[in-house]
Each structure stands twice: as C-alpha cells, then as structure tokens.
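pasting the sequence and the predicted coordinates here, then a few questions.
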Amino acid sequence: MNEPVNYSPDTTPLARSAQPVTTVPQAQITAWPPQGFLLGRVIDDGDWGILHVSDGDNLLLYPNGEPVNDVRFPNQELHLKKYEWVVFHAKLAPKQRQRQNKHLIEARGGFIWPAQEQTDNVQSIENLQRLAAEKAAGRPLTLCSFSSRFFLIEDYDEELEKRLRLRSEAQTRDLDARTEDLDQREQSIKEDEIILLKRRSDLDRDRQSVDHYREELRRQQAEVQQREERLVQSQQELEQQRQELEQQRRNLEGREGQLVEDRSKVEQATQQLNARQAGVVRMNDALIRKLETWGIRDRVQNSPLVTPIQCDSEPELISHVRSYIAAEGYQFDPNTIANFYTCLKSGALVVLSGLSGTGKSSLARLFAEAVSAKFVSIAVKANWTDTADLCGFYNPDKRTYHSTPFLDALIDARSNPDHLYFICLDEMNLSRVEYYLSDLLSVMDQKNRTLQLYSEAEWNLRKELLKYDQKAAQEGKLPHRELELREGNIHAYRHTIEIPANVLICGTVNIDETTQPFSDKVLDRIQIMQFEHVSFADVPTDRTPLPPTKLTTTQLAEYRLIRGDVPLDSVWFDQINRILKIGGFHFGHRVKRQIEDYCASALEGGIFTGVEADDIVDIQIVQKVLPKLRGIRVVAHDRMFSELRDFCDDRYERAAEKIKILEQMNPLNYWEIFRHVDD
C-alpha cells in the first residue's frame, strides 16, 4: 500500500514520477485499521456502498485472516457505481457493526476519492508525462501506485468533503448512541432472565419434592398390597403342599412293597448277567488264542469294532493321527501329516512322490485308518490308455457295464455318505496320467463333480430294452438269473456318477526309468508332496496300538469352512509369474486359486507346528510352482533362476534350496531333486 503522490498541471510530472514511490510493508502495520491510503473497489452501490480492499492484485486480509470485502462508505453524495475504484482512509466501524467482526473497518467520511486505473497506459516515463498532461486539464491530480497497478485520483472540493465528513460523523455518533442503548437494554434483559431462571429452578425443586413424596406414598401402598397378596398365596401354597405330602406318603407306603419285589428281580438279573459276562470272557480268550495262532491279532485290534477316540478340533485330530501312525512303527515329520491333510481338505488331488519305500502309500493308508475311513488302493497298470481303465466301460453287445474297483468305490461311498473314503492310485505314473485320468482331473475342481460313463441315449435305450427282457423272462425265453443281472447292472451303473463329497483321492509316483512324466494339465490340478529321505534313527520303538478317531463327512465340511486371510496379493503373483515367464513356466488362474485355498486353510486351523505365513507360502512354491520346471536347459533359464533365487532367498528357505539344486541340473527335472548328492 503506497502513499499517493500529488501532481499539478504546472509541475513537471516526468521529474516527479521518476522518483521511487514509497511502499508501506504489511509487517509494519501494527495498528488496526492500517495507516495510509487503501485501494477499494465498489461491490454494492447503494446509499451506503460496500467495498472490497485490494492489496496489490490480492484481497487485503483482516488480522483474523478473513478477506476485507465488507467496507462500508457513504455513497449518497459520491454516487459511485459498481466495479469503480476508490482510494480512501479507513477507520474502525461502530460497535454495533463490530459484533460480527471486531476488526471491521469503514471508509472515513470525507476521505474517499474516485480513482481511474491507468496501469495499461503507463508503459514508460514518456507515457506518464503525457498522461499527466492530458488528464490534468487545470485540476490537481494524484497518481497512486499499488503494487504493479497505477491509478489517477482527482481532488474534489472541500464542501463535499465537509458534508461527507459531518454526515458520517453524525451517523456514527447516532449509531454509537443506539448501540450503547441496546447494550444497556440487553444487559437489563439478561439480569431479568437470570432472576426468572432462579425462580423457575426453585419452583422445579419444590415440584420435584412434591412428586417424590407422592410417588413414595404410592410405592408404599403398592408394597403393602403385594405383601397382603403374597401372604394369601403363601397360605394357599402351604395347604396345597400339605395335601401333596400326604398323597406322597400314601404312595411311598404302596411302593415300598413293590421295591422289595423289584430288588429281588434285579438280584436275579445281575446273577444272570455275571454268568453271561464270564461266558463272553471265556469266548474272547479262546478267540484271541485262535487269532494269535493265525497271526492276525494286531489287525483285529485295529478294527472298527474298537470305540473311536473323540477329537473335537483339527489340532486334536492331527495330533491323534501322528500318535496313531507312530504307534504303527512309522515316523513322519509332524508338518508332513498336516500338509497331507490340508491338501486333501482344500479339495486337491494329492500326489506323493519320492524314492520307493519312503512311506508314501503307508502315509495314505495309516491316515485313513487313523480317522476310521475306508482305504481303497488301486494299482495303476502300465497298459492303461484311456478313462475306461479307471472307470470301466459299457459293452453294447451284452448291454452291461464292466466296472472297476475305482468306480465300485465311488458307488460304495455314495451309499455311505457320512463315512470317508480314501482312494489311492498306486504308482499312478506307470502309464501316462493324461490318458486315463483326464476326465477325473477335469471335474475335480468343478462344483458339480460328475463323471460321464457313457451316453444318456444309451442309458435310455437300456431301460427300454429291459422291458422286453422282462417279458421274455415271463415267457421262459430268458433265464430269471440273467434278467436279475441285467436289472442290477442298469440300476448300479447309470450313465453318470457324481464323485461324492466323502471321497478323498490321492496317488503315489516313483521316479525311475519305468515311469512317465506329468504334463502341465496334470501339474496345474494336483498338489505334489515329495518324500526325499528316511531317517531310520527316528523310527519309534513303542508299538502300543492306539484306537482310531472318527472323522465324518460333516466334520470335514465344517473344517473346510475354517479359513484365514490369504497372505498373498496380486502383486506377489504378478512378480513370481513374471520371473517364471522368462523360462516359459508361468501359470494361470487355476494354480493361483489352489495356492490361495491352501494358504487360507493352513493358516487358520492351527495344525502346523512352528510355522508362519511365509513358511506356508514356501510349501506352496515347492508343491505348485517348482514341479513345472523341466525340459532342456537354455540361456533364458540362467536369468530366470537368478531372479527366482533372489525372490526366494531369506524368505522361502525350502524353495531357495531346491532352486539352487535345479540350477546345477542339465536337463531340468524337478523330480530328480531328491537324488541330488550333497558336496
């Protein structure tokens, strides 16, 4: 904000305008309103006009930070229009208006001048000189500079200033007097309100006391009435109890004779029961001696006739399974058993791989025995070439379906829905898995797990032809035995069969020169657990048999609902898939979903020992990602292994160890890792 510089027509504007214009910095304005001249612009042109005040190109701010856009000025004499500029001196507004803003200012009456902006016209000293000469025309002029903006103001006569000043001062005095009067009235009203509030408070307290006494009187009257009613009710109850006791006394006298007779009968029944129990003990001893002679006593002791142990949670279940397997003379890492169970629970087909004799089949069989499940072992043949070798086939000539042990196990499981069935495909890679297992793999990860055995049209035709067979049997042209076989075959083997929820499927593979590798279609749909070595020193010596527990289909379904948060996000999957893509081993949505299902099931159940989230992810990298690494070694693999090793180091220990072994192999073959010889 600048002090204006006066020019007269007879002076030399060039010389005076060349002098620097003094600026008063905002920091030096210690009093309010600010001293000196202010630049304002009309935003309301009524009798009392309203200005907003500029600080250069910006609005001036009050000390409280609000913009100064509400300055009032007397416009009755000036007749300024909206958007015109003025230069003025400020003063504090009257007290009545300061209620809204204690910093509010007004234009001092008689100290306000209309201004014309000349910023665009002042481009040089010559322009300034010419401007002063053209605008003066015999009248005193003032050239004001506000920041980078220039304004010309004309002095107006003293009479106008005097009228404005006197009017403004009179109005100000009048407003101050009215404000003071209003303040006094307001203070008086407040004092009256305080007196009325005190009187109202006293009245409220008196009314509350009266209400309290009245309520207390009602309560006492109600208590007296309730006591009278309870007294009458107690008298009635005592009389009723006296009558009941009298009736009970008469009944007891009648039962006493009956108890004597019943006691005699119980003693006779006890003697008969003791005699039968002694006979059962003798028969049991004789049976045990025969079983020992036949060498099958241990198998009978583990039969389902033994009362199962109750397990109420997954940790108790897995702990009992470990103890049961150890009692049978096998030792597995505790987390291996938990891993096998989690793979089965997540719905995947579990493949147990490794050296022959490391206990792959035994783990599946003993786990099934430990939870009272039926174990069905199916030996895969080297000549299996299609689905018929696993699920059977329909013979249209004989109009019968030729079943297999696998299909019969599914049918048996369907008839026992609450009993678990473990089906183990032993040495499943003697033949190419895609040849005989493709249909099963395709439906395993679907909600409707239904296998198509043969066409529905053939099934309908069989039912129609059965009517002619029944007629032929009535006429004696077809033996009834043959008719019964055909009827049973039609009802037993429909054209489709659903894999029941109580069926869990696993398999074992041996890696040698007689076996076939797995394709990506198979690898994407299975969980591979590798058995690398056997510790003979850890084999338990205590062989005391334990009874099994009972894991039902319903319990397993409830345990499948126990899921935690997945410790992986899309960024993690994108990062590892980018690395695998270097060697052409990246995976799709199915593998991602299986990894997420496994991690969600494993982390929440509390069945693993001493593991954290990264350890669970480490297991899935080993079981779902690394088995895909196979084939002829190329240059791209070196870069892939380098980035994959950096990705796993210090976080996924098991995966990093196997990656280092794979880096030394040529050609790549994850299945041969367990044959690696340490340096």
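Nice, I can see it. Numbering: from 1, shown residues only.

now residue 563. Its backbone dihedrals?
For residue 563, the backbone dihedrals (degrees, to the nearest 10) come out as phi -130, psi 140.

cool, and residue 474?
Per-residue torsions, residue 474: phi -60, psi -30 (degrees, to the nearest 10).

give me the number of residues near it?
11 (other Cβ atoms under 10 Å). All C-beta spots, glycine's among them, are computed from the backbone N, C-alpha and C.

and the residue nearest the centre of the chain, which of the three is it?
Nearest to the geometric centre of the chain sits residue 565, at 6.6 Å (Cα atoms, centre = their mean). The local conformation at residue 565, judged by DSSP: H, G, I helix; E, B strand; the rest coil, is coil.

ok, now which ones touch it?
Shown in contact with residue 565 (Cβ atoms under 8 Å, 6 or more residues apart in numbering): 600, 603.

the lengthiest strand in the chain: how far from the chain's middle?
Across the chain, the longest stretch assigned as strand under DSSP state E is strand 105-117. Taking Cα atoms, centre = their mean, to the nearest Å, the mean C-alpha location of strand 105-117 is offset from the chain mean by 67 Å.

state the mean pLDDT of it.
Per-residue pLDDT over strand 105-117 has a mean of 82.

how about stretch 212-230?
pLDDT averaged over stretch 212-230 gives 88.

so how far is it off the chain centroid?
58 Å.

same deal with stretch 95-107?
So, by Cα atoms, centre = their mean, the centroid of stretch 95-107 is 57 Å from its chain's centroid.

same check, this time on stretch 61-81
58 Å.

who does the longest strand of the chain touch, helix- and strand-wise?
Using 3 or more Cβ pairs under 8 Å, 6 or more residues apart in numbering; DSSP states H and E as the contact criterion, the elements in contact with strand 105-117 are strand 71-74, strand 85-92, strand 149-154, helix 158-294.

give me the contacts around the shortest one.
Spelled out, it's strand 71-74. 40, 47-53, 86, 88, 90, 93, 97, 105-107, 109, 112, 164, 167-168, 171.

which residue packs closest to residue 367, ignoring adjacent ones?
Distances taken as Cβ to Cβ, 6 or more residues apart in numbering put residue 321 closest to residue 367, at 6.0 Å, once the chain neighbours are dropped.

report the buried members of the contacts of strand 71-74.
Buried members of the contacts of strand 71-74, scored by 16 or more other Cβ atoms under 10 Å, are 40, 49-53, 86, 88, 90, 93, 97, 105-107, 109, 112, 164, 168.

and residue 500, helix, strand or coil?
Residue 500 ends up coil, using three-state DSSP.

pull out the buried positions in stretch 645-661.
Within stretch 645-661, the residues that qualify as buried are 645, 647-648, 652, 655-656, 658-659, counting by 16+ other Cβ under 10 Å.

quick check: the farthest pair among these?
647 and 658 (13.3 Å; Cβ to Cβ).

coming back round to it: just the pLDDT at the residue nearest to residue 367, thanks.
Looking at residue 321, its pLDDT reads 93.

who touches the host helix or strand of it?
If you go by DSSP states H and E, residue 321 is part of helix 314-327. Helix 314-327 has contacts (Cβ under 8 Å, 6+ apart) with 309, 311, 331-332, 334, 337-338, 341, 363, 366-367, 369-371, 540, 542-546, 548-549, 551, 559, 562, 605-607.

hmm, 7 Å instead?
Under the contact criterion Cβ atoms under 7 Å, 6 or more residues apart in numbering, helix 314-327 has outside partners 309, 311, 332, 334, 337-338, 341, 366-367, 370-371, 540, 543-546, 548-549, 551, 559, 605-607.

of these, buried ones?
For these, a burial check counting by 16+ other Cβ under 10 Å picks out 309, 311, 332, 337-338, 341, 366-367, 370-371, 546, 548-549, 551, 559, 605, 607.

thought residue 510 was touching residue 427?
Yes - with contact defined as Cβ atoms under 7 Å, residue 510 reaches residue 427; the gap is 6.0 Å.

quick check: domain ranges of the protein?
Following automatic domain parsing, one finds the domains of the chain at 5-156, 178-301, 314-332+345-453+493-538, 562-675.

for the stretch 501-650 of the chain, which spans come out with low pLDDT?
In the predicted model of the stretch 501-650 of the chain, residues 512-516, 533-543 satisfy pLDDT under 70.

so what's residue 503 up against?
For residue 503, the contact set (Cβ under 7 Å, 6+ apart) comprises 410, 413, 421, 423.

and with 10 Å instead?
Applying Cβ atoms under 10 Å, 6 or more residues apart in numbering to residue 503 gives the contacts 373-374, 376, 409-410, 412-414, 420-423, 449, 553.

nearest to residue 346, out of those: which one, please.
residue 449 (14.5 Å).

measure the closest residue to the closest one other than its chain neighbours to residue 525 for me?
Using Cβ to Cβ, 6+ apart and skipping residues adjacent in sequence, the residue nearest residue 449 is residue 499, 4.1 Å away. Distance, residue 499 to residue 525, using Cβ to Cβ, to the nearest Å: 14 Å.

now swap in residue 395 and tell me
Taking Cβ to Cβ, one finds residue 395 at 30 Å from residue 525.

can you check residue 236 too?
Separation of residue 236 from residue 525 (Cβ to Cβ) stands at 78 Å.

looking at these two, which is more packed in?
Comparing residue 236 with residue 525 by other Cβ under 10 Å, the one with more neighbours is residue 525, at 19 against 9.

list the contacts of the more buried one.
Residue 525 makes contact with 348-349, 437, 440-442, 444-445, 518, 590-591, 594, according to Cβ under 10 Å, 6+ apart.

between those residues, which is nearest residue 191?
Closest to residue 191 out of the contacts of residue 525 is residue 594 (82.2 Å), distances taken as Cβ to Cβ.

so which elements touch the helix or strand where the closest one lies?
Element membership for residue 594, per DSSP H and E: helix 589-605. Counting contacts by 3 or more Cβ pairs under 10 Å, 6 or more residues apart in numbering; DSSP states H and E, helix 589-605 is packed against helix 314-327, helix 334-345, helix 520-523, strand 526-531, helix 553-560, helix 570-583, helix 613-620.
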